[in-house]
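Visitor: With the input below, show me the fold.
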Amino acid sequence: MGMLYDEAYIEHRKLEYYADKLNITIKYLSDVSRTFTGRGASYWINRFTTTKICNLLKFSRMSLSEIADKFRFSSPSHFYVYFQKQMGVSPSEFRNKP
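Guide: All right, here's what the predicted structure looks like:
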């Protein structure tokens, strides 16, 4: 969780990165996360990521392309698909909601 609080998720959203940094297996990382929080490690990575993206969409003037670049998505369309899958709405729809 410390790596997530330090915003590692901005550049790294794959479990392999966190497991490697902790010198443990992906399965063990997920098992420990689930044991202590009731949720797998992927849930927390995505939760931290989407929370930060939502804040940028609502409270900054960054374009969608700038946000995609900041989070190291391979393309703005990949960012769009990721956000849509996580939040159920497009980044533009989220930004324009009252």
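
Visitor: Geometric centre of this structure: which residue is closest?
Guide: residue 49 (2.5 Å; CA atoms, centre = their mean).

Visitor: Count the residues that sit near the residue nearest to that residue when sequence neighbours are not counted.
Guide: For residue 49, ignoring the flanking residues on the chain, the nearest one in space by CB to CB, 6 or more residues apart in numbering is residue 9 at 4.7 Å. Every C-beta, even on glycine, is put in place using the N, C-alpha and C of the backbone. Residue 9 is flanked by 23 other residues according to other CB atoms under 10 Å.

Visitor: was I right about residue 9 contacting residue 50?
Guide: No. Using CB atoms under 8 Å, residue 9 makes no contact with residue 50, being 9.6 Å away.

Visitor: can you map out the helices along this structure?
Guide: Here the chain has its helices, by DSSP state H, at 2-5, 15-22, 26-37, 41-59, 64-70, 76-87, 91-96.

Visitor: Using a markdown table, lay out the ones you listed together with mean pLDDT.
Guide: Converted to a markdown table, the helices of the chain look like this (pLDDT from 0 to 100):
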| stretch | mean pLDDT |
| --- | --- |
| helix 2-5 | 92 |
| helix 15-22 | 96 |
| helix 26-37 | 97 |
| helix 41-59 | 97 |
| helix 64-70 | 97 |
| helix 76-87 | 97 |
| helix 91-96 | 96 |
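
Visitor: Next up, the contacts around the residue nearest to the centre of the chain.
Guide: Neighbouring residues of residue 49 by CB atoms under 8 Å, 6 or more residues apart in numbering: 9-10, 13, 71, 86.

Visitor: Only the buried subset of these, as a ChimeraX command please.
Guide: Selection of the buried residues among the contacts of residue 49 in ChimeraX, burial being defined by 16 or more other CB atoms under 10 Å:
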select :9,13,71
